[in-house]
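Visitor: Kindly generate the corresponding structure for this input.
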Amino acid sequence: MNLTPINVYINSNLEQKNNSVKDFSLYLCDVLSSIKLLHWYSDEYNFHKILDETYESFDDLFDKLIEEIIGITKKVNNFNLEFPRRDVKKVLDSCSLEEQLKELLGVLESLENTIKNNNMDSFIKQNSFNGINNTIEEILSTSNKCKYLISMIKW
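Guide: Predicted coordinates:
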């Protein structure tokens with residue numbers, strides 16, 4: 001599979017640490033963009049379809065999560081979560097199917113680590129909001145489902 005790399009520069013500072021709700025929202029948009037780019041440029045039909053389903057699920061869940069966080073932080077203003085910013089351009093540099101798969105697994109691992117980290121747990125416990133726990137579990141479940149379905153593809 002050969003893809004022609006396209007130059008797209010979005011949030012290229014991977015080392016930058018962020019902690020506002022707006023920054024976290026941008027991080028989730030980067031995750032969605034990475035998945036959508038992999039979806040668009042995949043030549044493997046089953047991989048393409050799995051990415052499409054994963055994107056749609058994450059899109060709804062990220063919207064729900066951010067709305068829940070905004071609802072809480074407008075009342076208590078104590079959101080402090082560190083997370084890496086992704087370089088979305090790197091996704092387009094992944095030309096082979098193997099490189100695309102590695103990039104996707106990196107995106108999913110980053111997402112899982114971010115929403116399972118101690119600061120997120122602390123934020124949830126401090127505010128006693130269990131709804132966010134449910135949304136996070138749905139996000140993790142979607143990530144696990146994506147990895148499972150990809151493992152079934154005959155490469």
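Visitor: Low-confidence ranges, this protein, go.
Guide: 1-19, 75-95, 128-130, 155 (pLDDT under 70).
Visitor: how far away is residue 50 from residue 39?
Guide: 9 Å (CB to CB, to the nearest Å). For glycine as for every other residue, the C-beta is placed from the backbone atoms N, C-alpha and C.
Visitor: Of these two, give the one with the bigger neighbour count.
Guide: A side-by-side neighbour count of residue 50 and residue 39, using other CB atoms under 10 Å, places residue 50 first with 24 against 19.
Visitor: Quick check: which element contains that one?
Guide: helix 45-76 (DSSP states H and E).
Visitor: which residues does residue 147 contact?
Guide: Residue 147 is in contact with 105, 108, counting by CB atoms under 8 Å, 6 or more residues apart in numbering.
Visitor: Skipping its backbone neighbours, what lies nearest the residue most central in space within the chain in space?
Guide: The centroid of the chain falls nearest to residue 31 when counting by CA atoms, centre = their mean (3.5 Å). Excluding the flanking residues, the one nearest residue 31 by CB to CB, 6 or more residues apart in numbering is residue 111, at 5.4 Å.
Visitor: Return the distance of the one you found relative to residue 45.
Guide: On the measure of CB to CB, residue 111 and residue 45 end up 24 Å apart.
Visitor: quick one: which of the two has more around it?
Guide: The neighbour count for residue 111 versus residue 45, taken as other CB under 10 Å, is higher for residue 111 (24 against 9).
Visitor: didn't the more buried one look like it was pressed against residue 30?
Guide: No - taking contacts as CB atoms under 8 Å, residue 111 lies outside contact range of residue 30: 9.8 Å.
Visitor: ok so, going back, please, which helix or strand holds the residue nearest to the centre of the chain?
Guide: Residue-wise, residue 31 maps onto helix 21-41 under DSSP H and E.
Visitor: Would you mark the buried spots in that helix?
Guide: 21, 23-39, 41 (16 or more other CB atoms under 10 Å).
Visitor: Please apply the same query to stretch 122-135.
Guide: 123-124, 127, 129, 132, 135.
Visitor: Show only the entries of the residues you listed found in helices.
Guide: 123-124, 127, 132, 135 (DSSP state H).
Visitor: Just give me the closest of those residues to residue 98.
Guide: Set against residue 98, the nearest of these by CB to CB is residue 135 (32.1 Å).
Visitor: related to what we said a few turns ago, remind me what the helix holding residue 50 packs against, helices and strands.
Guide: helix 21-41, helix 97-115, helix 118-127, helix 130-151 (3 or more CB pairs under 8 Å, 6 or more residues apart in numbering; DSSP states H and E).
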